[in-house]
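Undergrad: coords please:
(2 chains)
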Amino acid sequence: MLRGVGQVVALAAGAAVVWWLLSNLITNLNRSGIPTDFGFLTRPTQFTIAYAPAFEARSPVWQMVLVGIKNTLLAGFVGILLASVLGLVVGIARLSENWLASRLATVFVEFFRNIPPLVVIIFFGAAVFTFGPLPVLSEAIEISVPGSSDTLLLLSNDRWGIPGFVSRGDVPAYLGVLVVGLAVAALLWIWRTRVNLSIGEPHHRVLWSLAALLAFAVLGYVVLGGPFGIEWPSLSENRRVIASGFAMNWGFLALTGALALYTASHIAEIVRGSIQAVPKGQTEASSALALNGFQRYRFVVLPQAMRIAVPPMINQFLNLIKNTSLGVAVAYAELATLTRISIGNGRPAVQSIVVMMVVYLAFSLTISVILNVVNRRLQLVTR
Amino acid sequence: MTATAERAPAPPRASPLGWIKERLFRNVWSGFVSVVLIAVVAYMGYRAFAFVFINGQWDAISRNLANFMIGRFPRDQIWRLVAQILLLGLGLGVGAGTASGTARDKAEESGLTYEPPTLLGTLRRFWSLIAFVVVILFMAGTRGPWLVAGGAVVLGYIGWQSWRLPRTVRLLSWLVTGLLLLAAFQVVSGTDGLAWVPVALVVAMAAWLVVPVDRLDSPWRQLAGLGAAAAGVAIVYLIYQEIAAPGVGWDQWSGMNLTLWWSAIVITLAFPAGLLLGLARRSSLPALRYLATTYIELIRGVPLITLLFMGEFILGFMLPAGTSLSSISRSIAAGTLFTAAYVAEIIRGGLQSLPLGQTEAGQALGMGTPVILRKIVLPQALRAVIPAMVGQFISLFKDSSLLFIIGVTDFLRVRAIVHAQPDFRVVAHAETLVFVAIGFWAIAYAMSRESQRLERKLGVGVR
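TA: Below is the predicted model:
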């Protein structure tokens, strides 16, 4: 009885607060003549986005949201890739027997973990790019490939160019060949596992599958007459844009660079912690079974460390994606920046922020679903 | 372990050369890594040395130290900040002394001798913070700041002596700590308006806890406690009627001062909210549980910046027409809503770490749910979450840099004032950013070491 009353009271109080806030909101918006529907999404944005020439002032607002999502995911994806590699290296270095390596790794972790990522982003943005030592684009530093006249890197205070891929033929057909290769590799994997289980012959399934995949990749490339090639970065005739290769703007570089460093410091701690969390007896037992160093790590330590490391790692990835919203500080055209610009241009604030929040929530939900699936797969199977 | 267990003999101390061979050049691979890293360290060390001592334009900072610390704070009111620093020194000293005293009580209970922290140990614990303050004092170059800092240290030391007090006054010295910290806040913010409310809350809570009610019967017990609390509130209210005086509201705070107070205010407001949310999430009432879970998951799914934007663009519309809040107040509201969800998750972790037997034992003794919560569950759960709460405070402190984005002059945005000066329009950007980064780092690093120390001391996560 009392429990029922308590719940009703709690619900009523919660509903009353929300209703009070919302009714104030609607009243105030109506009084100020601000629209309360989502019709603005199909109307023109009336501004252009730097470094997105395809986007015009008359493109509707929903396309702006898509550009924002694309840029958020691009920064998030590249940042996760860099942070994982760097974090793995630093985390392993912290456990190294080499005194200098472990000390430097500790300094790296303690330094970047305790500095707000926003400060690092702005450091890159202001002290490296805007007011930094790099030249303007028309006088960009060109670093060439050793022993060739091709440019490997184009460095300026505005945009950097790196080699990119360019299509020279039937790329979809080549992708088809790769899919077939993957299927064959998977079949070989299953076959070798079966052989191993039935007659005990060493399976070498990694070698078999990789060889098959590589064979398909190389043969497909040759047969289709080179469907794609590497394109070196270069400036246009008037030296005002990067004409070929893959161009990255300074906001992207500052944001992903800083977030990669910040997240790497956290990932390094996860890597170190999870390797150390594997009981020492496990290593000793595998030594007693005459496993060598590689086998010890591959078959005994890493599988157990992975179980501890993967959930917090995925959490870090989610944090990195949420942190891409700090791109506001370097005017990188991701979701939060574009939302803010569009509110500044007179789009209704409430609806714009709702759209932004829904997108971030969608990212978070997706990742927590992945996390749950991974957790279930990794869970220790006990009696 | 038995008393006969002997220590293993210490390994022979390696000679320096042997040490280098063992730790840097153990095998070819290790030697290669060492050579590369030595080259990298030498180059970076050279560049850093040149930056710090030769080509860095550090006058951008030394000429703007006051801006970095207090920003746009009205300069004729600086005496308030001096009083605040001195009160903070005393208050934190009493707080640390009380914590040490509690540790001494515990040690004596279990028949151990208590060793108070040494000067060297304290210096080592807070070295990053101390180094940062000393560098600032040297850069300031005048006597005033040295006197203020020295005064705060002396007062802190005097306050710390409270660990010698007998254990019966521990609760009282926690109360004094709280009141001193509130006084430090209000000597700047003023004692008019609603300033009496937080003080009355602290006093009421203390009165409720202090009144010796254990010998009274149940209904009288409650009544006596409530009476004492009400009397405390009334006294505080009357005192504040007498001493009411306007101060400098937080809308005018900025610089490092704002960054620190913003984080402190937000965590103070978010803690009770998060505690309630965490309890609601573990409640057996489904309606409460779903409400709390929905709130927590929604907030944790979005970045802080979206809430700051909400505070900036929407909050004004959600209040009755005519009310206006400064952007600092709105950012505090947004920060509190955000942090409460994370605090709730920490509290939930603490609650989950308690074995069910604790609650069941309370029920077996015929206690009601509120008593079980207050006497059994919360004391243990809250103790277990202290390190995690410090961690959350560090992350909030780092997040306070986001005030930059909504245009509030925090420690990071002071750079806008500096680089608006004709001398530093396009130069010294690296210098000011390095200074800001080191400032954040020194404080966050000291706190993170402290949280690791607490974790070891409280034995959290160790069976």
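Undergrad: just checking, residue B:340 is part of a strand?
TA: No: per DSSP: H, G, I helix; E, B strand; the rest coil, residue B:340 lies outside any strand segment and is helix.
Undergrad: Verify the stated contact: it with residue B:266.
TA: No: Residue B:340 is beyond contact range of residue B:266, at 9.3 Å (criterion: Cβ atoms under 8 Å). (Each C-beta comes from the backbone N, C-alpha and C, glycine too.)
Undergrad: Please, where are all the strands along the stretch 201-350 of chain A?
TA: With DSSP state E, counting those that start in this stretch, the ranges of strands along the stretch 201-350 of chain A come out as A:228-231, A:234-235, A:242-244, A:246-249.
Undergrad: Same list (those strands) but as JSON lines, adding mean pLDDT.
TA: Shown next, in JSON lines, are these (pLDDT from 0 to 100):
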{"stretch": "strand A:228-231", "mean pLDDT": "85"}
{"stretch": "strand A:234-235", "mean pLDDT": "86"}
{"stretch": "strand A:242-244", "mean pLDDT": "84"}
{"stretch": "strand A:246-249", "mean pLDDT": "88"}
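Undergrad: Could you tell me how many residues sit around the residue in the stretch 151-300 of chain A positioned nearest to chain B?
TA: Closest approach between the stretch 151-300 of chain A and chain B, counting by Cβ to the nearest Cβ: residue A:262, at 9.5 Å. Neighbourhood size, residue A:262 [other Cβ atoms under 10 Å in any protein chain shown]: 27.
Undergrad: ok, now residue B:447?
TA: Neighbour tally, residue B:447, other Cβ under 10 Å: 19.
Undergrad: residue contacts, the nearest residue to it once chain neighbours are set aside?
TA: Nearest non-adjacent residue to residue B:447, counting by Cβ to Cβ, 6 or more residues apart in numbering or on different chains: residue B:394, 5.0 Å away. Contacts for residue B:394 (Cβ atoms under 8 Å, 6 or more residues apart in numbering or on different chains) come out as A:114, B:444, B:447-448, B:451.
Undergrad: Checking stretch A:244-251 against chain B, do any of its residues make contact.
TA: No: using Cβ under 8 Å from any Cβ of the partner chain, we find that stretch A:244-251 stays clear of chain B, coming within 13.9 Å at best.
Undergrad: Buried residues, whichever strand or helix holds residue B:331. List them.
TA: Assigned by DSSP states H and E, residue B:331 falls within helix B:327-352. Across helix B:327-352, burial judged by 16 or more other Cβ atoms under 10 Å in any protein chain shown covers B:327-348, B:350-351.
Undergrad: Now do the contacts for the residue nearest to residue A:10 when sequence neighbours are not counted.
TA: Nearest non-adjacent residue to residue A:10, counting by Cβ to Cβ, 6+ apart: residue B:288, 5.1 Å away. Going by Cβ under 8 Å, 6+ apart, residue B:288 touches A:6-7, A:10, B:280.
Undergrad: Once you drop chain neighbours, what's closest to residue 123?
TA: All of this is about chain A. residue B:433 (4.5 Å).
Undergrad: look at chain B instead
TA: Nearest non-adjacent residue to residue B:123 (Cβ to Cβ, 6+ apart): residue B:130, at 6.4 Å.
Undergrad: Surely that neighbour is in contact with residue B:119?
TA: No: between residue B:130 and residue B:119 there is no contact under Cβ under 8 Å: 11.5 Å.
Undergrad: higher neighbour count, those two?
TA: residue B:130 (16 against 8).
Undergrad: now the helix or strand hosting that one: how far from the chain's centre is it?
TA: Secondary structure from DSSP H and E places residue B:130 in helix B:127-140. Here helix B:127-140 is found 19 Å from its chain centre; the criterion is Cα atoms, centre = their mean, to the nearest Å.
Undergrad: Got the confidence number for the residue nearest the centre of chain A?
TA: Closest residue to the average C-alpha location of chain A: residue A:77 at 2.1 Å, with Cα atoms, centre = their mean. Note on residue A:77: pLDDT of 95.
Undergrad: Any stretches of the stretch 251-383 of chain A with poor pLDDT?
TA: A:380-383 (pLDDT under 70).
Undergrad: what residues does it put near chain B?
TA: A:322-323, A:325-326, A:328-329, A:336, A:339-340, A:343, A:349-350, A:353, A:356-357, A:360-361, A:364-365.
Undergrad: let's see 7 Å
TA: Residues of the stretch 251-383 of chain A found near chain B (Cβ under 7 Å from any Cβ of the partner chain) are A:322-323, A:325, A:328-329, A:336, A:340, A:343, A:349-350, A:353, A:356-357, A:360-361, A:364-365.
Undergrad: Report the buried members of those residues.
TA: So, by 16+ other Cβ under 10 Å, the buried ones in those are A:322-323, A:325, A:328-329, A:336, A:340, A:343, A:349-350, A:353, A:356-357, A:360-361, A:364.
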